[in-house]
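>>> Compute the structure for the input listed below.
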Amino acid sequence: MKIPTHILAPLMLTLFLAACQGSSIDDLSPNGAGTQLPDKLVKSMKAKGMSTTSPVMFRIFKEENVLEVWKRKDNGRYDMVTSYQICKWSGKLGPKFIEGDRQAPEGFYAVRPAQMNPKSSYYLSFNTGFPNALDRTLGRTGANLMVHGACSSSGCYSMTDGQVAQIYAFARDAFKGGQESIQLEAFPFRMTAANMARYRDDPNYAFWKNLKEGYDHFEITKVPPKVDVCEKKYVFNHTSDPNAPIAATSACPPADQPESLKMAYQSYQSSYETAFSSMVGKGRIQPPSRSIQGLTEAKIIADWSARRARGERVTQEPPSLSPQDKDAASKPQVMVRLASAVAADKAKEEREASKRSRMTRMTASAAPMSIPTTTPAPAVQQPASAPQTTAALTSGAPAAAAEQPAPAKKAWWKIIGN
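Residues are numbered from 1 along each chain as shown. Predicted coordinates for the structure are as follows:
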């Protein structure tokens, strides 16, 4: 088919300009995948000894609603270039446990070129890499957890379109410079002594202490740590050999770290422990934010998500076990009661359905009354307490005998429609 000249000419001009400017066809894709970084940012990077194609890393802090962009300088250490306020992230503080719990993940992830999506329905996006080796070892499930635009989230980190265009550009340019994977670190909060003291009683505290080890390694070295998984936990800079085999479920091999790093980490930890103890003594100045209360709550929320997806009437917000939730905090043993309520509600629905089915079968199988040809004798009046017969149920008067059972009351979390 011959393409008309008035269509072919602009297309050829566009391709020519792209070639002249060193761009590619990918840069012409929709959603701003070819957006260039602002001159102000480029000048700031150059002043710090960075280039647009030097390696990059991202750090996310949920409680502070911040995504930070760090790039490698000429001396090999990283420095922060800029940061963005996260428009919306899903769930509460704490890791993602199972599909449907609406949790944005926490942990150490690797973003590779294949995870970049220039044609995302959410303007632009890249996959976080969840689940990673630790998530899989712990049985955590979920898929398509993204950093994306459109300011809408259900398990993701969502930015404005303008923000994600720049974040996408940082990653795209680093890949062009030869970086094979970008480290994405997602934390519940800045892991300072004050914040760790605030959350010392949280059910996620053990997991957060493990995350803090990687956080500390970066604070000390200003280089993204080498991340491995063994004994069902993260280990950081554990070996100097990048190809050393470490199995996620096996015992961790002997640590092989430079003596300078060991000493720096010990010194850092000593200062931290002193600060942590002093913060515990002062009490909590700032109350902790809501956090997911483990797998029990994750399962309840996942059930709520499934019901909502089926079109059932559920509460506008998912049920919560967080002690900061006033409704949950006012109910004793709320974790047990909510979990049992989910099962009880399903059982009640099944009983009602079975009862209606039995009533239908009984009505359908009853023999029809024959119409008498002569005037019947006066019926003997039954006592008021006598039970009704099958004939009475199928006689002309439907009366109360054929009445269906009253509908069951809705469970408390299904009253409000969404």
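
>>> In the stretch 251-400 of the chain, where is pLDDT below threshold?
283-284, 326-349, 360, 362-400 (pLDDT under 70).

>>> repeat that for 50
326-342, 369-400 (pLDDT under 50).

>>> And the helices in it?
259-282, 294-309, 326-329, 334-365, 390-394 (DSSP state H, counting those that start in this stretch).

>>> Count the neighbours of residue 295 for me.
16 (other Cβ atoms under 10 Å). C-betas here are computed from N, CA, C, even on glycine.

>>> Next: residue 317.
Neighbour number of residue 317 under other Cβ under 10 Å is 12.

>>> Repeat that for the one 4 residues further on.
Other residues near residue 321 number 24, with proximity taken as other Cβ under 10 Å.

>>> distance of it from residue 350?
25 Å (Cβ to Cβ, to the nearest Å).

>>> Same check on residue 172?
Counting by Cβ to Cβ - residue 172 and residue 350 are separated by 53 Å.

>>> Compare those two and say which one has the larger neighbour count.
When residue 172 is set against residue 350 and neighbours are counted by other Cβ under 10 Å, the residue ahead is residue 172, at 25 against 10.

>>> Contacts only, for the more buried one.
Each residue near residue 172 by Cβ atoms under 8 Å, 6 or more residues apart in numbering is listed here: 33, 116.

>>> try it again with 10 Å
26-27, 33-37, 52-53, 56, 113, 116, 118, 124, 126 (Cβ atoms under 10 Å, 6 or more residues apart in numbering).

>>> With residue 63 instead?
Applying Cβ under 10 Å, 6+ apart, the residues near residue 63 are 93, 187-190, 195, 198-199, 286, 288-289, 291.

>>> And for residue 165?
Residue 165 neighbours (Cβ under 10 Å, 6+ apart): 31-37, 123-124, 149, 159.

>>> most surrounded residue in those?
Going by other Cβ under 10 Å, residue 124 tops the contacts of residue 165 with 31 neighbours.

>>> thinking that residue is in contact with residue 161, fair?
Yes. Judged on Cβ atoms under 10 Å, residue 124 makes contact with residue 161 at a distance of 7.6 Å.

>>> Need the overlap of contacts for these two.
Contacts common to residue 124 and residue 161, judged by Cβ under 10 Å, 6+ apart, are 31-32, 35, 148-150.

>>> Of all pairs in those residues, which one is the farthest apart?
35 and 150 (15.5 Å; Cβ to Cβ).

>>> And the helices in the stretch 1-150 of the chain?
Going by DSSP H, counting those that start in this stretch, the stretch 1-150 of the chain shows helices at 5-20, 39-47, 133-137.

>>> Contacts for the shortest one, please.
If you take Cβ under 10 Å, 6+ apart as the criterion, helix 133-137 is touched by 95-97, 105, 107-110, 129-131, 140-142, 207, 210, 227-234, 246-249.

>>> ok, 6 Å please
Where contact means Cβ atoms under 6 Å, 6 or more residues apart in numbering, the residues beyond helix 133-137 that reach it are 229, 232, 248-249.

>>> Can I have the buried ones of those as a PyMOL selection?
Per 16 or more other Cβ atoms under 10 Å, the buried members of the contacts of helix 133-137 correspond to this PyMOL selection:
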select buried, resi 229+248
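
>>> Show the buried residues in the contacts of residue 63.
93, 187-189, 195, 198-199, 288-289, 291.

>>> closest to residue 214 among those residues?
residue 187 (9.1 Å).

>>> Residue 195 in helix, strand or coil?
helix (DSSP: H, G, I helix; E, B strand; the rest coil).

>>> Next one, pLDDT for it please.
Note for residue 195: predicted pLDDT of 96.

>>> Spit out the contact partners of the nearest residue to it once chain neighbours are set aside.
Leaving out its chain neighbours, the residue that sits closest to residue 195 by Cβ to Cβ, 6 or more residues apart in numbering is residue 189, at 4.9 Å. With contacts defined as Cβ under 6 Å, 6+ apart, residue 189 is in contact with 61, 63, 195.

>>> Thought residue 186 was touching the first one, still the case?
In this case it means residue 61. No. Using Cβ atoms under 6 Å, residue 61 is not in contact with residue 186; the gap is 8.4 Å.

>>> Show me which of those two is the more surrounded one.
Comparing residue 61 with residue 186 by other Cβ under 10 Å, the one with more neighbours is residue 186, at 25 against 19.

>>> Which pLDDT value does the model give the more buried one?
98.
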